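Chemist: What shape does this take:
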Amino acid sequence: DPYAFFRRTHLTEGLKSTLINAINRLSGKSGEPIILLKTTFGGGKTHTLIALYHLCLNPKAALECSHIKSELGTFSFEVKPAVVAFDGYEVDPHRLRKVYGSSSLWQFLLLKLYEVTGCEQLKKIAYDYSDPYEPPGAEALKEAFIAAEQIGYAAIVLLDEMPEFLKRLAYKDNKLADAAQSFIGSLARAIASTRYSILVIAVPDVPRYRDVNRIIEDMLMELKRVAFPRNLVGKTDAVYILRQALIEHRDPGAHKVAEKYYNVYARFKNDFPPESSSESYKAKLIEYYPFHPQYVDYLYEKLSSLEGFQGTRDMLRITAWTLHSMHRKQLTEEFVLLSDIDVLDKNILDELLERHGYVNLRRAIEGDLEAIKEVDEDNVKRGLPALASRIYSALLVFSLSGDPVSIKDIGLAVVRPDVTPSQVASMLSYLYESKAFHIHVTTEGGEVRYIIKERANWRRLVEIKANEISDDHARKVLKNYLKDATRMWGRGICLLYTSPSPRDLSTSR
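Modeler: Numbers count the residues shown, from 1 in each chain. Okay, here's the model as predicted:
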């Protein structure tokens, strides 16, 4: 649904420049014929390809969205876009042959373009070069694309996950991969010689594809007519992407809610990070509402960059579940805090840990979660806030980055206007001392910091269990152990009885 897609899409700097480049190209104006999208997983590559797909095939739907129209302006195309898309991660070489009936990447693309344009030269090349080891050269492709343009069609070729497809070809035969790479180079060179056609290649910027990416980039760089959109998703875009994708209507009372939270930070400024009580932070609260600045900054700068997490895509998934959870709790007019990523919610816990490779951590903390749940249930019965799960949730999210966090940052992630920092500090101390065996404490620069780890805090566990045993019982058990030991090993044991003074030390056998 192109309208639904654009309605929920925030035009970042990189996405906007890519779309304008395509509009200019299809309108017969300036515009680069080749576009290379290179980001990490979840960095906006596929979203940009889908945006181009919808823009080319349904430009009216894009212009029906006021925020898109205000950014792109009105436009019209001189030719009809003939769009063909290929996902190299989904379509492997075997499936390409068996399901799509194509012996090679170029045969698939050319036949699909022929279906749209009816240009016989595209079809002829597809069958003339049916040998998967013999790709067509740039000259033959250029003539076919120009012929298509002359009858009113521009070839729009969208290639996603090419490094993965090339690696799979190489598993079978390196010569097949070399042929496909050669075709991509010829395709780029041919499209660079046309007036309207566009080639967009998306590659993931990850270590395992480094060599293949370099080959693709080197081929494109020779052409001198390649656009490299930057900041498909920049730091400043994160909150707008979350809001555009997940919030239907933004509450007009943002100023009022922001003022309420800011007053708490200003009143207890020694209990929160210093920047939270500044006037600039108040403005940031208003700008980011309903997402708390700490929530957005941490998810974007820390969580989304961790191995196993996929950038903006996973930010959206986690936030969608969090909003769903808040809606059930009737917290729809509050800021979305890190503590709202409720780890007692199975869906959120699955999304946060299991789906991203933290299976062992999830198993380890099961006992903690049961204890946390009991603490909250007991507090609710007594008319107290359910803080245990909020504190543990925030601490667990922070801990995924591997860095211990201060009580001030935990407070910022938990405190709402009806909760004080002292309540959070008191509950955190109680959880550490009595309930949650995977919370560890460290000191950095004289400041106490907390972190949840996969291994239990055995020292705290022993202390807690020891406190449950009375001194009299401990003496009785120890006395029995000594009697048993003396009876079994009496002849070889030396018992030392010590008093406060070394001079009173005596030995007996």
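Chemist: residues near S304, how many?
Modeler: The number of residues packed near S304 is 22, by other C-beta atoms under 10 Å. The C-beta positions use only the backbone N, C-alpha and C, and glycine is treated the same way.
Chemist: S280 too?
Modeler: Neighbour count for S280, taken as other C-beta under 10 Å: 8.
Chemist: just for the stretch 201-350 of the chain, where's the confidence low?
Modeler: 206-207, 228, 230-234 (pLDDT under 70).
Chemist: give me that answer again for 50
Modeler: For the stretch 201-350 of the chain, no stretch has pLDDT under 50.
Chemist: would you list every one of the strands in this structure?
Modeler: 34-39, 80-87, 153-160, 198-204, 226-227, 405-406, 439-444, 447-452, 495-497, 506-508 (DSSP state E).
Chemist: Check which helices and strands the fourth one sits against.
Modeler: Helices and strands in packing contact with strand 198-204 are listed as helix 13-26, strand 34-39, helix 45-57, strand 153-160, helix 162-172, helix 174-192, helix 210-221; criterion 3 or more C-beta pairs under 8 Å, 6 or more residues apart in numbering; DSSP states H and E.
Chemist: And for the fifth one?
Modeler: Contacting strand 226-227 under the criterion 3+ C-beta pairs under 8 Å, 6+ apart are the following elements: helix 13-26, strand 34-39.
Chemist: give me every residue that touches L428.
Modeler: 391, 395, 407, 410, 450 (C-beta atoms under 8 Å, 6 or more residues apart in numbering).
Chemist: Now do the nearest residue to D87 once chain neighbours are set aside against L220, distance only.
Modeler: Leaving out its chain neighbours, the residue that sits closest to D87 by C-beta to C-beta, 6 or more residues apart in numbering is D160, at 4.7 Å. Distance of D160 to L220, computed by C-beta to C-beta, to the nearest Å: 16 Å.
Chemist: deepest of the helices and strands packed on strand 226-227, which one?
Modeler: Greatest average neighbour count among the helices and strands packed on strand 226-227 goes to strand 34-39 (a mean of 23), per mean count of other C-beta atoms under 10 Å.
Chemist: what packs against that strand?
Modeler: Here strand 34-39 touches helix 13-26, helix 45-57, helix 174-192, strand 198-204, helix 210-221, strand 226-227, going by 3+ C-beta pairs under 8 Å, 6+ apart.
Chemist: make it 10 Å
Modeler: Here strand 34-39 touches helix 13-26, helix 45-57, strand 153-160, helix 174-192, strand 198-204, helix 210-221, strand 226-227, going by 3 or more C-beta pairs under 10 Å, 6 or more residues apart in numbering; DSSP states H and E.
Chemist: roughly how far out does it sit from the chain middle?
Modeler: Distance of strand 34-39 from the chain centroid (C-alpha atoms, centre = their mean, to the nearest Å) equals 20 Å.
Chemist: Also stretch 183-203?
Modeler: Taking C-alpha atoms, centre = their mean, one finds stretch 183-203 lying 31 Å from the centre of the chain it belongs to.
Chemist: Low-confidence regions, the chain specifically.
Modeler: Low-confidence segments of the chain, defined by pLDDT under 50: 504-509.
Chemist: still on that earlier bit, so how many other residues sit close to the residue nearest to D87?
Modeler: Around D160 there are 24 other residues, counting by other C-beta under 10 Å.
Chemist: wait, isn't it in contact with V84?
Modeler: No. At 11.8 Å, D160 does not count as touching V84 under the criterion of C-beta atoms under 10 Å.
Chemist: returning to what we had before: need the strands of the chain in JSON lines (columns: distance to Y300).
Modeler: JSON lines is the format used below for the strands of the chain (distance: least, C-beta to C-beta, whole Å):
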{"stretch": "strand 34-39", "distance to Y300": "13"}
{"stretch": "strand 80-87", "distance to Y300": "26"}
{"stretch": "strand 153-160", "distance to Y300": "23"}
{"stretch": "strand 198-204", "distance to Y300": "18"}
{"stretch": "strand 226-227", "distance to Y300": "25"}
{"stretch": "strand 405-406", "distance to Y300": "17"}
{"stretch": "strand 439-444", "distance to Y300": "24"}
{"stretch": "strand 447-452", "distance to Y300": "21"}
{"stretch": "strand 495-497", "distance to Y300": "62"}
{"stretch": "strand 506-508", "distance to Y300": "68"}
